[in-house]
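Engineer: my questions concern the predicted model and sequence given below.
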Amino acid sequence: MGFKRYSCDVEIIDIKEICKNVFTFEMFHKEIALRARAGMFLSLLPNTETLRRPLAFMDADPEKSTFKVLFSVVGKGTKHFSSLRVGDKISINAPLGNMFLMPKDKDVEPVLLGGGSGIPPLYFLAKTLNNTGKKSNVILGARNCETLFLKEDIKKFANLYLSTDDGSEGFYGNSVELLKKLIADKSIKNPFIYACGPSPMLRALRTLMLENNINGYFSFESVMGCGFGMCQACAVERNTTNDNKKEYALCCINGPVFNFNDIKL
Ligand SMILES: Cc1cc2nc3c(=O)[nH]c(=O)nc-3n(C[C@H](O)[C@H](O)[C@H](O)COP(=O)(O)OP(=O)(O)OC[C@H]3O[C@@H](n4cnc5c(N)ncnc54)[C@H](O)[C@@H]3O)c2cc1C
Ligand code: FES
């Protein structure tokens, strides 16, 4: 199946408010449902704005021709999305970006680590890995237990570990500290990391990975304009050995998934 991007209006067939100001949309489009992969994203146009807003695929069901996104209301665009109703149509571009690749080494243990808006693509990846017979370890971190979305769903197909900054649920600390502990007590022996979350988390995770010779992928959430390589708004600087020459990647077409050490944080 070659690369094809669809630009169209799709119908919203289900809406759930899974916790305060956090919504899931299920939408209907046969070809997009067939092509969506964990890591890819779509851009949706709020009627009230001129710029589209990127959201990761949270799930796709080719048999039902449906796919899902999950979003938190943070500003004008997502506020508009939260006012939409079942049966409404929304303008989208999809699928966009690259996907998480499966680990080549059969012996590694996939460890999916993230929080907040990083949770939807990791949910999709954990489900995809499970469908290929690989049960993953998912580590979700949050400030408190209110923003640990999808935990009951993830438990169905992955080993789930939780951390909260205030200790209100799971490990008392952040997700990278929890991973460190799981490696130290040998609960996780040969990790391969997939992560999506805020830069401070990715920075701390990268340090831990370099210290322990662990490989993996990070998915980045840069600010975006067009979503398909035209506007350069999503440029991120690559890590290079040549200090005199800066190199950039476009998060929307070269990413959003990159090798963990490829992009400057
Ligand atoms: C590839 C990609 C995948 C994403 N997937 C998801 C997802 O699955 N679920 C989800 O809830 N969000 C996701 N986001 C973030 C989402 O795009 C932003 O929250 C959204 O665009 C904000 O739009 P707004 O109009 O509501 O807010 P605005 O009014 O544009 O901004 C409100 C606040 O949100 C911040 N913000 C805006 N854009 C981003 C961004 N790209 N990343 C982080 N903060 C931002 C602004 O700095 C500001 O503080 C993703 C972003 C990218 C690039
Ligand atoms: S968002 Fe326009 S080039 Fe990436």
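Structural biologist: Happy to help now that I have it. Numbering: from 1, shown residues only. Ligands and ions are numbered 1, 2, ... in the order given.
Engineer: how's this protein carved up into domains?
Structural biologist: Annotated domains of the chain cover 6-96, 109-219 [automatic domain parsing].
Engineer: could the ones you listed go into TSV alongside mean neighbour count and distance to N254?
Structural biologist: Using the backbone N, CA and C atoms, a C-beta is placed for each residue, glycine as well. Below are these laid out as TSV (neighbours: other C-beta atoms under 10 Å; distance: least, C-beta to C-beta, whole Å):
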stretch	mean neighbour count	distance to N254
domain 6-96	18	12
domain 109-219	19	12
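Engineer: looking at those, which is nearest to ligand 2?
Structural biologist: For ligand 2, the closest of the domains of the chain is domain 6-96, at 8.0 Å, according to C-beta to the nearest ligand atom.
Engineer: quick revisit: for the domains of the chain, which one sits closest to I263?
Structural biologist: When the domains of the chain are compared by C-beta to C-beta, domain 109-219 sits nearest I263, at 7.3 Å.
Engineer: distance between the ends of the closest one?
Structural biologist: Using C-alpha to C-alpha, to the nearest Å, one end of domain 109-219 lies 18 Å from the other.
Engineer: just the closest residue of the stretch 101-250 of the chain to ligand 1, please.
Structural biologist: Closest residue of the stretch 101-250 of the chain to ligand 1, C-beta to the nearest ligand atom: S117 (3.4 Å).
Engineer: contact partners for that residue?
Structural biologist: Residues near S117 by C-beta atoms under 8 Å, 6 or more residues apart in numbering: 56, 71-72, 196, 221.
Engineer: could I get the domains of the chain as JSON lines with mean pLDDT and distance to V257?
Structural biologist: JSON lines is the format used below for those (pLDDT from 0 to 100; distance: least, C-beta to C-beta, whole Å):
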{"stretch": "domain 6-96", "mean pLDDT": "96", "distance to V257": "5"}
{"stretch": "domain 109-219", "mean pLDDT": "93", "distance to V257": "5"}
